[in-house]
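Asks: next one to model:
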Amino acid sequence: MKVCEIFLSIQGEGVTMGLPTTFVRLTGCNLRCKWCDTTYAYEEGSEMSIDDIMVKVKGLGCEQVCVTGGEPMCQEDVASLVDHLIGQGYLVTLETNGSVSIESLQCSEHLMISLDVKCPSSGENEKTDFSNLELLSPNDQLKFIIGDRQDYDYAKGILDRHSPVCHVVMTPVGGADLKGLAGWVLEDKLKVRVLPQLHKLIWGDRRGI
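Replies: Predicted coordinates:
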């Protein structure tokens with residue numbers, strides 16, 4: 001499979017925020033979100049076998065592994081990679097943009113699926129495969145990147161229609177300006193987490209962190 005980068009950092013998003021994590025960023029994405037902060041992962045990378053990836057991950061010495069992209073579900077062997085990681089005792093988060101079926105992923109207490117639902121400001125909201133939401137377990141998380149009030153109302157409507165059983169996270173575009181979003185959530189008393197992108201607060205908008 002084509003791998004953009006593998007590195008050790010702090011998980012900056014979602015319910016495992018703050019945990020040291022090895023990131024396996026796979027190359028390629030089927031979407032072009034207007035505010036994407038990893039455009040370099042569209043094309044950059046080199047071919048690696050699953051065995052090569054496992055050696056690199058082992059060398060970084062971290063129990064938590066996040067398989068991300070790009071869009072990892074676009075790569076044919078991603079489910080096999082996840083299975084190998086879990087088989088070696090890693091706790092895995094698989095980040096997906098929600099536009100590709102996640103049916104190939106085997107349910108496991110050692111796997112958390114982190115599924116984005118793209119909101120209108122992304123320009124890609126019509127690409128979401130909403131059948132994926134029915135496959136999420138209480139161990140998983142549903143994420144919304146919120147750019148404006150329209151995005152927030154769109155996300156709220158999806159929560160009303162689908163009543164997800166998993167954790168729900170809302171994060172502002174850019175990952176730092178939380179005040180407006182927090183106010184809307186409090187006003188509506190939504191049962192969601194309003195979270196920043198912690199890695200950007202620590203290191204700024206840099207690659208490989």
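Asks: you'd agree Gly45 is up against Val24?
Replies: No - assessed by CB atoms under 8 Å, Gly45 is found out of contact with Val24, at 11.0 Å. Quick note: C-beta positions are derived from backbone N, CA and C, even for glycine.
Asks: can you list residues touching both of these two?
Replies: Common neighbours of Gly45 and Val24, counting by CB atoms under 8 Å, 6 or more residues apart in numbering, are Val3.
Asks: who does the longest strand anywhere in the chain pair up with?
Replies: Secondary structure of the chain per DSSP state E: the longest strand is strand 2-10. According to DSSP bridges, strand 2-10 forms sheet pairs with strand 20-26 (antiparallel), strand 46-47 (antiparallel).
Asks: out of these, which gets nearest to Gly61?
Replies: strand 20-26 (8.4 Å; CB to CB).
Asks: all helices for the protein, in order.
Replies: Taking DSSP state H to define them, one finds helices in the chain at 50-60, 78-87, 149-162, 179-188, 198-203.
Asks: ok, Gly45 and Val24, which is more surrounded?
Replies: Val24 (29 against 19; other CB atoms under 10 Å).
Asks: my read is that the more buried one contacts Lys2, right?
Replies: No - using CB under 8 Å as the test, Val24 is too far from Lys2 to be in contact (11.5 Å).
Asks: quick one, what contacts the closest residue to Glu5 other than its chain neighbours?
Replies: Excluding its sequence neighbours, the residue lying closest to Glu5 (CB to CB, 6 or more residues apart in numbering) is Arg25, at 4.8 Å. Contact analysis of Arg25 by CB under 8 Å, 6+ apart lists Val3, Cys4, Glu5, Ile6, Phe7, Thr38, Ala41, Thr68, Gly69, Gly70.
Asks: beta-bridge partners for the fourth one, please?
Replies: According to DSSP bridges, the partner residues bridging Ile6 are Val24.
Asks: that one: neighbour count?
Replies: Residues near Ile6, counting by other CB under 10 Å: 19.
Asks: can you check the third one too?
Replies: For Glu5, the neighbour count with other CB under 10 Å is 18.
Asks: that one against Gly208, yeah?
Replies: Yes - at 6.0 Å, Glu5 and Gly208 qualify as touching, with contact defined as CB under 8 Å.
Asks: relative to its centre, which residue of this structure is most distant?
Replies: Glu187 (26.6 Å; CA atoms, centre = their mean).
Asks: please report how far that one lies from Leu181.
Replies: 11 Å (CB to CB, to the nearest Å).
Asks: so which of the strands paired with strand 2-10 is nearest Leu195?
Replies: Among those, strand 20-26 sits nearest to Leu195 (CB to CB), with 15.2 Å.
Asks: report the angle between that closest one and helix 50-60.
Replies: With axes from the mean of the first three to the mean of the last three CA atoms, to 10 degrees as the basis, strand 20-26 and helix 50-60 are set at 160 degrees to each other.
Asks: tilt between strand 20-26 and helix 78-87?
Replies: Using the same axes, to 10 degrees: strand 20-26 against helix 78-87 is 160 degrees.
Asks: list the backbone torsions phi and psi for Gln88.
Replies: Dihedral pair for Gln88: phi -90, psi 10, per degrees, to the nearest 10.
Asks: having no further points to raise, I will conclude here.
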